[in-house]
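A.B. asks: turn this into a model:
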Amino acid sequence: MRLKKVTRGWSAFADHDGKKTGESFAMTDYWRLTALKAVELLKSGAVTPLDLIDDALARIEAVNPKVNAVVTVCADRARDHAKRLMKLPVEQRGPLAGLPIGVKELNDVAGVRTTYGSPIFADNVPEKSDIMVERLENNGAVVLGMTNSPEFGAGGNTFNEVHGETYNPWNVKLNAGGSSGGSAVALAAGEVWLATGSDLGGSLRTPAAFCSVVGLRPSPGRVPSGPGELRFDTLAVDGPMARNVADTALFLDAMAGWHVDIPVSFPAPHEPFLTTTQKKLKPKRVAFYLDPAALPIEAGVKSICRAAIEKLSGAGIAFEEASPDFSGVGNAFQTLRAVDYATTMRPLLNKHRDKLKAEVIWNAEKGLGLSAEEIGKAHLRRSRLYADMVKFFETYDLLVLPAAPILPRDIKERWPREINGETLDNYVEWLKLAALITMTSLPVLSLPCGFSPDGKPMGLMVVGKPRGEAELLSHAALFEDILGLREAVPIDPKG
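C.D. replies: Got it, this is the predicted structure:
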């Protein structure tokens with residue numbers, strides 16, 4: 001497709017016959033474009049990074065008061081970076097070519113207020129950027145702002161005492177999921193084209209499902225970040241979020257690869273993820289299961305997911321109901337998560353207990369009270385699960401599950417106390433569904449799959465083979481075509 005400049009903006013035309021295939025749009029409508037199309041315009045010289053920065057800033061000004069997704073804007077820093085890029089030949093600007101992005105406020109950005117959602121760090125301005133941020137900027141990303149996160153990423157609802165609540169653009173009375181809720185909302189509302197996320201217990205997948213965008217939790221080591229205190233950690237990962245699968249692949253290409261400071265990292269593949277994704281490979285056999293490990297999952301969630309699977313099956317995708325043995329995995333996850341919290345949060349617990357939210361304190365103290373035997377059993381359960389998954393994927397190309405156990409709920413609910421009448425006794429309990437896949441170390445993508453009758457979004461959790469991000473993205477791109485929800489976002493906030 002080529003773009004012809006017209007008086008009021010740009011008008012899209014098809015190359016093959018010259019017939020108009022898209023409506024003209026004003027110069028302030030670049031936010032409607034996919035990331036791929038925006039990068040195409042940047043590389044052709046039809047627009048500049050400064051044009052996109054101005055457009056995104058105008059969109060943020062228009063909608064952010066309604067959703068509170070972008071909590072710190074760094075416009076001057078972004079413009080300075082854009083001007084440096086514009087001095088380079090286009091082919092030297094990197095694969096993102098000057099595209100503005102959002103960064104979740106758990107990752108340091110040099111010279112930009114980065115609070116981690118905590119009053120302890122309310123005035124923190126890092127001198128050095130996170131490894132992932134550095135790589136993205138070297139690959140042509142322009143950081144425009146920081147997106148909201150719960151305190152230290154703890155919780156499935158995005159709110160904190162520093163920046164307040166982030167609202168779901170599909171209905172601003174609902175929560176957007178967490179902890180990458182700010183990134184998911186910024187994408188869905190058209191504030192940025194791409195945004196980073198992170199995931200321990202579904203922190204990237206849940207908000208993607210709640211906001212009808214795409215989020216990829218990659219294999220541990222695929223995207224180096226930090227470095228934090230736990231350089232060998234394989235539970236928490238960073239990954240790309242976007243409005244569609246191809247944009248997600250583009251973003252992954254810009255952030256993946258080996259880094260000397262992260263010992264579990266490994267090189268990017270020779271073929272770019274975007275290239276493989278655009279092939280839209282058809283999987284041979286897909287396993288699905290809507291009741292993994294007998295976890296409580298809302299009937300509305302299962303209904304949406306079942307309808308999506310039926311639509312995919314009707315288009316020729318071979319589905320079989322099957323699941324690995326996930327018994328005990330959720331509890332093992334809670335143990336290992338608590339160990340990580342005890343390790344990283346103990347200094348803050350000792351010095352700033354009065355400024356930490358109750359859930360963080362509970363999780364750290366749970367870890368401090370664990371025995372060596374409990375920790376050892378959790379590691380063994382995870383190891384055996386991985387062996388089971390390797391065997392499982394000798395038969396299947398993908399495993400499909402619901403992306404979350406509930407539909408988006410009221411913004412004021414800190415965390416679900418019950419699902420299907422089953423009482424949950426801590427804030428991590430409802431995250432067990434996502435945790436099952438976290439514990440496998442397999443790549444998993446949250447793909448929009450439909451809406452409830454009252455307009456609440458939901459997604460499918462699509463799990464790929466070990467280090468199989470390329471094939472996973474390619475299969476997901478085909479699913480996306482069949483489900484037909486790619487154009488659902490960006491939207492103006494509703495409600």
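A.B. asks: so who does Phe451 touch?
C.D. replies: Ser212, Ile304, Pro457, Met458 (C-beta atoms under 8 Å, 6 or more residues apart in numbering). Any C-beta I mention is one placed from the backbone N, CA and C, and that applies to glycine too.
A.B. asks: what about the residues you listed, which are in strands?
C.D. replies: Residues of the contacts of Phe451 located in strands (DSSP state E): Pro457, Met458.
A.B. asks: out of the contacts of Phe451, who's the most crowded?
C.D. replies: Pro457 (31 neighbours; other C-beta atoms under 10 Å).
A.B. asks: and the spatially closest residue to that residue that is not a sequence neighbour, how far from Leu52?
C.D. replies: Spatial nearest neighbour of Pro457, excluding adjacent residues (C-beta to C-beta, 6 or more residues apart in numbering): Ser212 at 3.9 Å. Counting by C-beta to C-beta, to the nearest Å, the gap from Ser212 to Leu52 is 23 Å.
A.B. asks: please apply the same query to Asn350.
C.D. replies: 45 Å.
A.B. asks: for these two, indicate the residue with more neighbours.
C.D. replies: Neighbour tally, Asn350 and Leu52, criterion other C-beta under 10 Å: the higher count belongs to Leu52, 27 against 8.
A.B. asks: so what's that one up against?
C.D. replies: Per C-beta under 8 Å, 6+ apart, neighbours of Leu52: Tyr30, Ala38, Leu42, Gly98, Leu99, Pro100, Trp193.
A.B. asks: quick one: least confident helix or strand in this structure?
C.D. replies: Taking mean pLDDT, DSSP states H and E as the measure, strand 2-6 is the helix or strand of the chain with the lowest mean score, a mean of 32.
A.B. asks: on that earlier part again, in JSON lines, list the contacts of Leu52 along with pLDDT, neighbour count and distance to Val133.
C.D. replies: Written out in JSON lines, the entries for those read as follows (pLDDT from 0 to 100; neighbours: other C-beta atoms under 10 Å; distance: C-beta to C-beta, whole Å):
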{"residue": "Tyr30", "pLDDT": "97", "neighbour count": "24", "distance to Val133": "23"}
{"residue": "Ala38", "pLDDT": "98", "neighbour count": "27", "distance to Val133": "20"}
{"residue": "Leu42", "pLDDT": "98", "neighbour count": "23", "distance to Val133": "20"}
{"residue": "Gly98", "pLDDT": "98", "neighbour count": "29", "distance to Val133": "16"}
{"residue": "Leu99", "pLDDT": "98", "neighbour count": "32", "distance to Val133": "14"}
{"residue": "Pro100", "pLDDT": "98", "neighbour count": "29", "distance to Val133": "14"}
{"residue": "Trp193", "pLDDT": "98", "neighbour count": "31", "distance to Val133": "16"}
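A.B. asks: among these, name the ones in helices.
C.D. replies: Ala38, Leu42 (DSSP state H).
A.B. asks: and the contacts of Leu52, which two are furthest apart?
C.D. replies: Greatest spacing in these, by C-beta to C-beta: Tyr30 and Gly98 (12.5 Å).
A.B. asks: and the helices in the stretch 151-300 of the chain?
C.D. replies: 181-188, 205-211, 245-255, 273-277, 299-314 (DSSP state H, counting those that start in this stretch).
A.B. asks: got CSV for these, with distance to Gly484 and mean pLDDT too?
C.D. replies: Supplementary listing: the helices of the stretch 151-300 of the chain in CSV, determined by distance: least, C-beta to C-beta, whole Å; pLDDT from 0 to 100:
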stretch, distance to Gly484, mean pLDDT
helix 181-188, 17, 99
helix 205-211, 17, 98
helix 245-255, 13, 99
helix 273-277, 18, 98
helix 299-314, 9, 98
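A.B. asks: dump the ones you listed into CSV; add distance to Ser198 as well.
C.D. replies: Output for the helices of the stretch 151-300 of the chain, formatted as CSV (distance: least, C-beta to C-beta, whole Å):
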stretch, distance to Ser198
helix 181-188, 9
helix 205-211, 11
helix 245-255, 12
helix 273-277, 19
helix 299-314, 23
